[in-house]
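Q: Test case, fold it:
(2 chains)
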Amino acid sequence: MIEARGLSKRYGPTLAVDGLGFDVRPGAVTGFLGPNGSGKSTTMRLIMGLDRPDAGTVRIDGRAYHQLRRPLCEVGALLEARTYHPGRSAEKHLAALAAANGIARSRVAAVLDTVGLTDVARKRAGGFSLGMAQRLGIAAALLGDPAVLLFDEPVNGLDPQGVRWIRELMKSLAAEGRTVLLSSHLISEMALTADHLIVIGQGRLLADTSVAELTAGGRTLEEAFFAITGSSAEYRGVAPAEHRRQP
Amino acid sequence: MSAVRTGLPVGHHRFTFTHAARMEWIKLSSLRSTLWALLATVAGMIAIGVVTMANTKAPGADHVDTFDPVNNVLAGIALGQMIVGVLGVLVMTGEYASGAIRSTLAAVPDRPVLLAAKAGVLGLLTLMVGEIVTFATFLAGRLALTDAVPRPGIGDPGVLRALVLSGAYLAMVGLLGLALGTVVRHTALAVGLLVGVLYVVPAVFSGLTGMTVAKFFPTMIAANSLAVSKSVAGCLSPWAGFAVLCLYVAVALGVGGRLLVRRDA
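A: Predicted structure coming up:
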């Protein structure tokens, strides 16, 4: 369970997240939908405690991220494609993370197998394609067998088989009773994967509803999405997420 | 929620410094660049020490009092400090450049503990390498001396202290590099600042005001205070120089830690 309340974050002149509040419940895939630059990634970063909110709180099973005792065993996150050193192998990257949270070393081989990277586990991860990088990120998210999972644009760079694999993985994780938050700007993907939807635009909550409700009356999810987001006309002028790039 | 069986270990105590240090050790030891940097430090310092000693002439009668072959043999510190300093910088900036900092902080959100773990692992590794290389350089350089020059021994006054402190100096430059990397988070800028602090600024000061100010810079402390068996006039004494360096490292890591906690990752 993730609970966000009155979450706001400003980067310089840009208000990236603006009074955002929502719950992400266990046992379902919750889609986090919004155009590029709408604040999805920022919200994920706030959940993870990477950035500090200017206002509001976000709790994971009642606690802030930094209060978690073994964070990787409670929350798993695929934040952005590459969150590993290019000179290190996938195996060592995961082994380091496992050591940090006292996770059994056997989990490393297990998650590498789950994501299909066993054959390249000892190669320098710097040579990985975007799709392999995504798989390594997912392996890291699954490493601690956490009850809460965050995936930021997980299908980026994946081939059709990979996309389907991710979709089935999300659904099976939710079916096991886990909390799954899946961000994407791909409406078609959401229609196939998500049970519940949180739609944001310009950092504000636009809708918090089930996919079934949104598409009631024969509307496609895409039509529903534009009906919700189209009402805020300033939309297209939103700065892209570039301002979050690290030096 | 409680239906989910997760990987949370039984009793699940909070992660500790030891966990974070284990992570940092795996990260540091799994990069080939670490091995190359340390090998280059060892090979470079021994080679410079041997060459310097082979070219060291016996002192004239008026120089016997200040003649200090220990200082000559450790000339390679000027090179070794740069390699170890850059290694320290990369321990932090490498994480920002690659994006790995996000997975690191996801695992260890307690940022002071993270920096302490990085400092502990880097400091211990470079201390060990530093001590090994200074003693190896001394022994190799000693053999390279011509017979005309009096051969220094480890038991001679001040020699053991010079070797031990010089080895520790390398670890301290590594930690200064780590702190610089933490403050500026950008490899090129941090390395540039390191070059400035180690070479450029002290050279400028020594040109302008002699040792008055320059004697407080790390490179000058290493060359004139630590790597000497006889104190050099106008410079800090060995232990005063060592204390000043300890102070620099503590302040730099303190500032780095503050910024690491306050800033968004």
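Q: going forward, measure contacts and count neighbours with C-alpha atoms only.
A: Will do.
Q: Give me the most central residue, chain A.
A: The centroid of chain A falls nearest to A:F151 when counting by CA atoms, centre = their mean (2.4 Å).
Q: Just say helix, strand or coil for that residue.
A: strand (DSSP: H, G, I helix; E, B strand; the rest coil).
Q: Just grab the bridge partners of it for me.
A: A:L78, A:L182 (DSSP bridges).
Q: Can you show me the strands along chain A?
A: A:2-11, A:14-24, A:28-33, A:55-60, A:75-78, A:148-152, A:179-184, A:196-201, A:204-210 (DSSP state E).
Q: quick one: which of the ones you listed is nearest A:T114?
A: strand A:75-78 (14.8 Å; CA to CA).
Q: Show me what that closest one packs onto, helices and strands only.
A: Using 3 or more CA pairs under 8 Å, 6 or more residues apart in numbering or on different chains; DSSP states H and E, the elements in contact with strand A:75-78 are helix A:130-142, strand A:148-152.
Q: picking up where we left off before, now the strands of chain A in CSV, with mean pLDDT?
A: As requested, the strands of chain A are exported to CSV (pLDDT from 0 to 100):
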stretch, mean pLDDT
strand A:2-11, 97
strand A:14-24, 96
strand A:28-33, 96
strand A:55-60, 97
strand A:75-78, 96
strand A:148-152, 96
strand A:179-184, 95
strand A:196-201, 94
strand A:204-210, 94
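Q: Those strands: which one's closest to B:G141?
A: Nearest to B:G141, of all these, is strand A:75-78, at 52.9 Å by CA to CA.
Q: so can I have a markdown table of the helices and strands packed on strand A:75-78 showing distance to A:P53?
A: What follows is the helices and strands packed on strand A:75-78, written out as a markdown table (distance: least, CA to CA, whole Å):
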| stretch | distance to A:P53 |
| --- | --- |
| helix A:130-142 | 23 |
| strand A:148-152 | 18 |
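Q: Would you tell me which of those gets closest to B:G141?
A: Per CA to CA, nearest to B:G141 of the helices and strands packed on strand A:75-78: helix A:130-142, 48.6 Å.
Q: and that closest one, average pLDDT?
A: If you average the pLDDT over helix A:130-142, you get 95.
Q: Spit out the contact partners of the nearest residue to B:L198 once chain neighbours are set aside.
A: The shortest distance from B:L198 to any non-neighbouring residue, by CA to CA, 6 or more residues apart in numbering or on different chains, is to B:T219 (5.5 Å). Counting by CA atoms under 8 Å, 6 or more residues apart in numbering or on different chains, B:T219 touches B:A78, B:L198, B:Y199, B:P202.
Q: thought B:F205 was touching B:A214?
A: Yes - using CA atoms under 8 Å, B:F205 is in contact with B:A214, at 5.4 Å.
Q: More neighbours: the two, which one.
A: When B:F205 and B:A214 are compared for neighbours, B:A214 comes out ahead with 21 against 16, by other CA atoms under 10 Å in any protein chain shown.
Q: wait, the more buried one sits on B:L198?
A: No - counting by CA under 8 Å, B:A214 does not reach B:L198; the two are 10.6 Å apart.
Q: ok, A:P13 - how many residues close by?
A: Neighbourhood size, A:P13 [other CA under 10 Å]: 6.
Q: Roughly how far does it sit from chain B?
A: Applying CA to the nearest CA, to the nearest Å, the value for A:P13 to chain B is 16 Å.
Q: And for A:P71?
A: 6 Å.
Q: Between the two ends of stretch A:49-60, how far is it?
A: Criterion CA to CA, to the nearest Å; first-to-last residue distance in stretch A:49-60 is 11 Å.
Q: so the residue nearest to B:L198 sits in a helix?
A: Yes - according to three-state DSSP, B:T219 belongs to a helix.
Q: and the strands of chain A as TSV, adding distance to B:T126?
A: Shown next, in TSV, are the strands of chain A (distance: least, CA to CA, whole Å):
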stretch	distance to B:T126
strand A:2-11	38
strand A:14-24	42
strand A:28-33	46
strand A:55-60	39
strand A:75-78	33
strand A:148-152	38
strand A:179-184	43
strand A:196-201	49
strand A:204-210	49
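Q: Looking at these, which is nearest to B:V184?
A: Using CA to CA, these put strand A:2-11 closest to B:V184, at 18.7 Å.
Q: Check the gap between the residue of chain A positioned farthest from its centre and A:E223 for me.
A: Within chain A, the residue lying farthest from the chain centre (CA atoms, centre = their mean) is A:G217, at 29.7 Å. Distance of A:G217 to A:E223, computed by CA to CA: 11 Å.
Q: which residues are common contacts for these two?
A: Residues touching both A:G217 and A:E223 (CA under 8 Å, 6+ apart): none.
Q: got a list of what A:M48 touches?
A: A:Y65, B:A106.
Q: could you redo the last one with a cut-off of 6 Å?
A: A:Y65 (CA atoms under 6 Å, 6 or more residues apart in numbering or on different chains).
Q: Quick check: pLDDT value at it.
A: 96.
Q: Can you give me the domain boundaries for chain A?
A: Domain assignment for chain A, taken from automatic domain parsing, gives A:1-66+A:148-232, A:85-145.
Q: Out of those, which is the most enclosed?
A: domain A:85-145 (a mean of 21; mean count of other CA atoms under 10 Å in any protein chain shown).
Q: Can you confirm whether that domain lies near chain B?
A: Yes - in terms of CA under 6 Å from any CA of the partner chain, part of domain A:85-145 sits within range of chain B, namely A:H85, A:G87, A:R88, A:A96, A:A99, A:A100, A:N101, A:G144, A:D145.
Q: how far does that domain stretch from start to finish?
A: 23 Å.
Q: can you give me how far that domain is from the chain middle?
A: 18 Å (CA atoms, centre = their mean, to the nearest Å).
Q: Quick check: nearest residue in space to residue 66, chain neighbours excluded?
A: In the absence of a named chain, chain A is used. B:P109 (5.4 Å).
Q: should've been chain B
A: Once chain neighbours are set aside, the closest to B:T66 by CA to CA, 6+ apart is B:K230, at 7.2 Å.
Q: separation between that neighbour and B:F216?
A: For B:K230, the distance to B:F216 - CA to CA - is 18 Å.
Q: who's more crowded, the two?
A: B:K230 (21 against 18).
Q: ok, longest helix in chain A?
A: Longest helix in chain A by number of residues, with DSSP state H as the criterion: helix A:160-175.
Q: what does the average pLDDT come to for it?
A: 95.
Q: Doesn't B:T41 belong to a strand?
A: No - looking at B:T41 with three-state DSSP, it is helix, so not inside a strand.
Q: close enough to count as contact, it and B:M82?
A: No - using CA atoms under 6 Å, B:T41 makes no contact with B:M82, being 8.9 Å away.
Q: Between these two, point out the one with more neighbours.
A: A count of neighbours by other CA under 10 Å puts B:T41 above the other of B:T41 and B:M82, at 24 against 21.
Q: Give me the nearest residue to the more buried one, chain neighbours excluded.
A: The nearest residue in space to B:T41 (CA to CA, 6+ apart) is B:G80, at 4.9 Å.
Q: Settle this for me: that neighbour is touching B:A40, isn't it.
A: No - contact criterion CA under 6 Å: B:G80 and B:A40 do not qualify, at 8.0 Å.
Q: neighbour count winner among those two?
A: B:G80 (24 against 16).
Q: so where does the more buried one fall, helix or strand?
A: helix B:77-98 (DSSP states H and E).
Q: Which residues does the very next helix or strand once past that helix contact?
A: Taking DSSP H and E as the definition, the helix or strand that follows helix B:77-98 towards the C-terminus is helix B:100-107. Helix B:100-107 is contacted from outside by A:P71, A:L72, A:T83, A:Y84, A:H85, B:E95, using CA under 6 Å, 6+ apart.
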